[in-house]
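Colleague: Sharing a sequence plus its predicted fold:
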Amino acid sequence: MGLNARWVKLGRLFMVAWLAFFLFPVGAILTEPFRVDSKLIGLALLLASGAIWAWFWTRIVSGPDRRFATAAVIANALLLVIFTLRTPPQYGSLFFYALVMAAAAYRWRVAIPIAVAGAILAGSMDVVRGTTLLNALGDFINDLLVGLAVVAGRLLIEANQQLSLAREQIARLAVGEERLRFARDLHDLLGHSLSVIALKSELAGRLIKSTPGLAAHEVDDIESVARDALREVREAVAGYRQPSLKAELAGAREALTAAGVELRAEEDHPALPAAVEAVLAWTVREGVTNVMRHSQAKRCAIRITSRDGRASVDVIDDGRGGFPEAGSGLRGLEERVLERGGTLTAEPLPHEGFRLRVTLPLPDVPLPVDRVTA
């Protein structure tokens, strides 16, 4: 699943919030006995660096000002070099800000060498301004790891975007393939029947005046062929529309996992008649849809059982409860349940959560037992 605009905005604001680390050198500049001109220069450098940092994350990274990425990275690096060399060793280094910007601005093949070179430069500046070799080595390792971590983060985001695009393309291809298959099946079902109807209609038209009896026979044949074609189309459409419990449970697990909801599925039933299984599968689909849309739940349980001549399914979540709106999905499900002589219950639980339960009678004819495991 790709990143939506809200998460992108929050991510940008989070990176801008890194400017909180500037509070330490600002506080040192204001409280330590530096000369006034040194304080003014230090504060000006930090202000300029912070402005470039905020501009980089709000406008440059995947934004309208992306063409200024290199200029922003170079400018901020120069500002931080000057600031670091003018700052006493005990105040540390802010040069990792330049490394983070470079790692975010360029592809990994360019960003990794820049991160290594920047880390070496940071350690060298520490040595120049009089810090110990151990502290310089620590800054080198710290800046290198920060830069490489940002490179890895960018690679992860790019991989997620490519995965989202691939999933969308697969979905489009699947829909297109299903349309072609459905069109092909309809052609196979109706092509022959409509051809026969056309020929017999033409023959009946020629015979209606000369031999009405034969014409009437042809009309009867036309009616029979038309009824057979209509029955075959209905069977085909019903086959396309009837879901299965296995497919719906698999789809529910995938959808709830994507939504961050933990699913526990339990099945305790023999093989069910196709019509009963279809209604139970519709129940799973509608229940899971409501969980994702309205419940704000963290966990969901689906229980499918068959006892005493009745099959039932429960979809239970631990969300906010309340009564659902009378949407078309729940009304349509209730119509299917009533057609099979069953009952539907949709109610909030006493403490928290919601339960959707559908119970259907099973036919008297016994079916072969085929246990299904979750």
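Modeller: Looks like it arrived, so ask away.
Colleague: now stretch 201-209: mean pLDDT?
Modeller: What stretch 201-209 shows for mean pLDDT is 84.
Colleague: Can you list the neighbours in contact with that stretch?
Modeller: 214-215, 218-219, 222 (CB atoms under 8 Å, 6 or more residues apart in numbering). In this view, the C-beta of every residue, glycine as well, is placed from N, C-alpha and C.
Colleague: In TSV: the residues you listed, plus pLDDT, secondary structure and distance to residue 248.
Modeller: Output for those, formatted as TSV (pLDDT from 0 to 100; DSSP: H, G, I helix; E, B strand; the rest coil; distance: CB to CB, whole Å):
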residue	pLDDT	secondary structure	distance to residue 248
214	84	helix	53
215	83	helix	51
218	81	helix	47
219	86	helix	45
222	84	helix	41
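Colleague: Now rank these by neighbours and give me the top one.
Modeller: Among the contacts of stretch 201-209, residue 218 has the most neighbours (other CB atoms under 10 Å), with 21 neighbours.
Colleague: I figured that residue hits residue 200, correct?
Modeller: Yes: here residue 218 reaches residue 200: they are 4.9 Å apart, a contact under CB atoms under 8 Å.
Colleague: quick one: furthest residue from the center of the protein?
Modeller: In the chain, residue 210 marks the outermost C-alpha relative to the chain mean, sitting 69.1 Å out by CA atoms, centre = their mean.
Colleague: quick one: the strands in this structure?
Modeller: All strands of the chain, identified by DSSP state E, fall at 262-268, 299-307, 310-317, 343-348, 354-361.
Colleague: for the ones you listed, which one sits closest to residue 17?
Modeller: Smallest distance to residue 17 across these (CB to CB): 30.9 Å, for strand 262-268.
Colleague: Can you give the strand pairings for that closest one, parallel or anti for each?
Modeller: strand 299-307 (parallel) (DSSP bridges).
Colleague: Buried residues in the partner strand, which are they?
Modeller: Buried positions in strand 299-307, judged by neighbour count with 16 or more other CB atoms under 10 Å: 300-304, 306.
Colleague: same deal with stretch 94-114?
Modeller: 94-106, 111, 114.
Colleague: what is the mean pLDDT for that stretch?
Modeller: Rounded mean pLDDT across stretch 94-114 is 90.
Colleague: what's the span of it, first residue to last?
Modeller: Start-to-end span of stretch 94-114 (CA to CA, to the nearest Å) is 16 Å.
Colleague: I'd like the distance from that stretch to the chain centre, please.
Modeller: Between the centre of stretch 94-114 and the centre of its chain there are 29 Å (CA atoms, centre = their mean, to the nearest Å).
Colleague: can you check stretch 44-57 too?
Modeller: On CA atoms, centre = their mean, the centre of stretch 44-57 falls 35 Å from that of its chain.
Colleague: just stretch 89-109 next, same as before
Modeller: The answer for stretch 89-109 is 32 Å, by CA atoms, centre = their mean.
Colleague: before we move on, what about stretch 253-269?
Modeller: 15 Å.
Colleague: about what we covered before: may I see the buried residues of strand 299-307 organised as CSV, with pLDDT added?
Modeller: Formatted as CSV, those follow (pLDDT from 0 to 100):
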residue, pLDDT
300, 93
301, 94
302, 95
303, 95
304, 94
306, 91
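Colleague: Counting neighbours, what do you get for residue 359?
Modeller: 19.
Colleague: What residues are bridge-paired with it?
Modeller: residue 312, residue 343.
Colleague: Distance to residue 62 added to the strands of the chain, as JSON lines?
Modeller: Output for the strands of the chain, formatted as JSON lines (distance: least, CB to CB, whole Å):
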{"stretch": "strand 262-268", "distance to residue 62": "33"}
{"stretch": "strand 299-307", "distance to residue 62": "35"}
{"stretch": "strand 310-317", "distance to residue 62": "36"}
{"stretch": "strand 343-348", "distance to residue 62": "43"}
{"stretch": "strand 354-361", "distance to residue 62": "39"}
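Colleague: how about the ones you listed, which one is nearest residue 194?
Modeller: Residue 194 lies closest to strand 354-361 among these, at 37.9 Å (CB to CB).
Colleague: Next, count neighbours for the nearest residue to residue 219 once chain neighbours are set aside.
Modeller: Spatial nearest neighbour of residue 219, excluding adjacent residues (CB to CB, 6 or more residues apart in numbering): residue 204 at 5.4 Å. Residue 204 has 19 neighbours, counted by other CB under 10 Å.
Colleague: And for residue 195?
Modeller: 11.
Colleague: and it, how far is that from residue 201?
Modeller: Using CB to CB, to the nearest Å, one gets 11 Å for the distance from residue 195 to residue 201.
Colleague: now residue 251
Modeller: Taking CB to CB, one finds residue 251 at 45 Å from residue 201.
Colleague: higher neighbour count, those two?
Modeller: residue 251 (15 against 12).
Colleague: Please verify my assumption that that one contacts residue 285.
Modeller: Yes: counting by CB under 8 Å, residue 251 touches residue 285, with 7.5 Å between them.
Colleague: Could you list the low-confidence segments of the protein?
Modeller: Across the chain, residues meeting the criterion (pLDDT under 70) sit at 1-4, 90-92, 181, 184-185, 187-189, 191-192, 235-242, 258, 322-328, 364-374.
Colleague: Sketch out the helices for it, chain order is fine.
Modeller: Under the criterion DSSP state H, the chain contains helices at 5-16, 23-31, 36-55, 69-86, 96-105, 108-128, 133-210, 212-241, 245-258, 274-290, 328-339.
Colleague: Buried deepest among the ones you listed, which one?
Modeller: Each of the helices of the chain was scored by mean neighbour count; the highest is helix 96-105, a mean of 26, by mean count of other CB atoms under 10 Å.
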